[in-house]
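>>> Mind folding the following:
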Amino acid sequence: MTSFTFGFPTTVCSGRGAIWSLLDSFKDVEVKKLLIVTDPGVRNADLFATIMKVMSKSGVDFSVYSDVEPNPSTDVLTEAVNILLAEKFDAVLGVGGGSSLDVAKAAAAMATNPGNVLDYEGVGKLKNPPLPLFAVPTTAGTGSECTPATVITDKKNHFKVSVISPYLYPKFAILDPELVVGLPPSITAATGMDALTHGIESYVSKQANPISKGLAIQSIRMISESLVSSYENGSDLYAREELLIASLMSGIAFSQSRLGNVHAISHTFGGIFNIPHGLANATLLPYVMRYNLKACPDLFKDIAVAMGQDVSGLDSIEAGYKAIKAVSDMNASLNIPSATKELGVDLQYLDSMVNDSMRSGNVLVNPRETSSNDIRNIILKSYNGETSNL
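Model prediction:
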């Protein structure tokens, strides 16, 4: 067994009404002045009234920055950092989906580290601890509330920059299902499939370890049981809570294992075409699974079982195909396209997509060795909805 180190410094509070635990969390860190980072949709949603009630009881001076965009850019990050520095905030609260949490994490870090976020692309380059960070996810998908990473889009080069550092773990993460009951079905679907992709890619990663694999396979099981229910009935608090916990678990898992070809490619889709991350992952996932199956069929059999498939009498390859079909069927149940051309992918940028995908460290831990020609083939097949010869 390969040696590994496991650490997870974030305190997690989960359950209905968990948002009120922020009051004690603020006291623990002695927060005096806090910037809430969110997006316009969350700020205008009913759930934000609950956030305001909590803040009114906290005694903490606060302001709200709510201009976060999908696939957030360096421009948005710069605005948030300038506000933090100009008004001398001493903590950051991220409220929202992955975009808001990524901006909150990056802003907290760049408030204490000089230069541009692009200077810190890669692993372990941040030098100073960030401002104390609190994370409240209002979607179940990205796992950003429990990972040591942030992803920001370099608009000039149409590329998503990943910054990875233990400093980027939030101090506290709040999982409150009552904050996600109003999430629209389409966003529930896309973010839930993002979490499933995290679980599957983490489980089969070359860098997986026994702890990450245990978290990943359980997250796959829980998402398979709760995602369609949450999509069909957004007020199902049990299913919503399951999804939030599963998203966090898959986030912790891939923090250990990294991901794979799905994320290598989907980040280029976000950087070039501004396609929502979860939607890109969901559509790509069955194609990358087909590509990877021959490299780790026994692991795919485990995934099939976790997704509730009957694999009695099947060999690992046959069982693996049932896992792929289960993912495709789930996409269909969630009204997610089966081909990436339906997402707005444009093949005139094919060379850029291939080159940018190969820059990703996720390719290195994908279970099957991957060349630029392999990435090109996956992109073309997924564009046309073809499943042969992968």
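>>> just for the chain, where's the confidence low?
For the chain, applying pLDDT under 70 flags the ranges 1, 389-390.
>>> looking at it, which residue lies furthest from center?
Here the chain reaches farthest from its C-alpha mean at residue 313, the gap being 35.4 Å by Cα atoms, centre = their mean.
>>> hey, where'd the strands end up in this protein?
11-14, 33-37, 61-65, 91-96, 122-123, 133-137, 149-154, 159-164, 172-175 (DSSP state E).
>>> Quick one: closest of these to residue 284.
Among the strands of the chain, strand 159-164 comes nearest to residue 284, with 14.7 Å by Cβ to Cβ. In short, each C-beta sits where N, CA and C put it, glycine included.
>>> hmm, who's touching that closest one?
The contact list for strand 159-164 (Cβ atoms under 8 Å, 6 or more residues apart in numbering) reads 71, 106, 109, 117-118, 120-126, 148-154, 267-268, 270-271, 356, 359-361.
>>> Let's see that with 6 Å instead.
118, 120-121, 123, 148-154, 267, 270-271, 356 (Cβ atoms under 6 Å, 6 or more residues apart in numbering).
>>> can you check stretch 309-321 too?
For stretch 309-321, the surrounding residues in contact (Cβ under 6 Å, 6+ apart) are 293, 297, 298, 300, 301, 304, 322, 326.
>>> Restricted to helices, list the residues you listed.
Among the contacts of stretch 309-321, DSSP state H puts 297, 298, 300, 301, 304, 322, 326 in helices.
>>> hmm, which two among the residues you listed are most spread apart?
Using Cβ to Cβ, the ones in helices among the contacts of stretch 309-321 span at most 16.7 Å, a distance reached by 298 and 326.
>>> Pipe the strands of the chain into JSON lines and attach mean neighbour count and distance to residue 197 per row.
Shown next, in JSON lines, are the strands of the chain (neighbours: other Cβ atoms under 10 Å; distance: least, Cβ to Cβ, whole Å):
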{"stretch": "strand 11-14", "mean neighbour count": "16", "distance to residue 197": "21"}
{"stretch": "strand 33-37", "mean neighbour count": "24", "distance to residue 197": "25"}
{"stretch": "strand 61-65", "mean neighbour count": "17", "distance to residue 197": "29"}
{"stretch": "strand 91-96", "mean neighbour count": "28", "distance to residue 197": "20"}
{"stretch": "strand 122-123", "mean neighbour count": "13", "distance to residue 197": "21"}
{"stretch": "strand 133-137", "mean neighbour count": "27", "distance to residue 197": "16"}
{"stretch": "strand 149-154", "mean neighbour count": "24", "distance to residue 197": "14"}
{"stretch": "strand 159-164", "mean neighbour count": "22", "distance to residue 197": "15"}
{"stretch": "strand 172-175", "mean neighbour count": "25", "distance to residue 197": "20"}
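>>> if we can go back for a sec, residue 298 and residue 326: which has the busier surroundings?
residue 326 (19 against 11; other Cβ atoms under 10 Å).
>>> And that one, how close does it get to residue 220?
Going from residue 326 to residue 220 by Cβ to Cβ, to the nearest Å gives 10 Å.
>>> what's the answer for residue 207, then?
Residue 207 is 18 Å from residue 220, where distance means Cβ to Cβ.
>>> Return the residue spatially closest to residue 40, with its sequence-adjacent residues excluded.
Leaving out its chain neighbours, the residue that sits closest to residue 40 by Cβ to Cβ, 6 or more residues apart in numbering is residue 66, at 5.6 Å.
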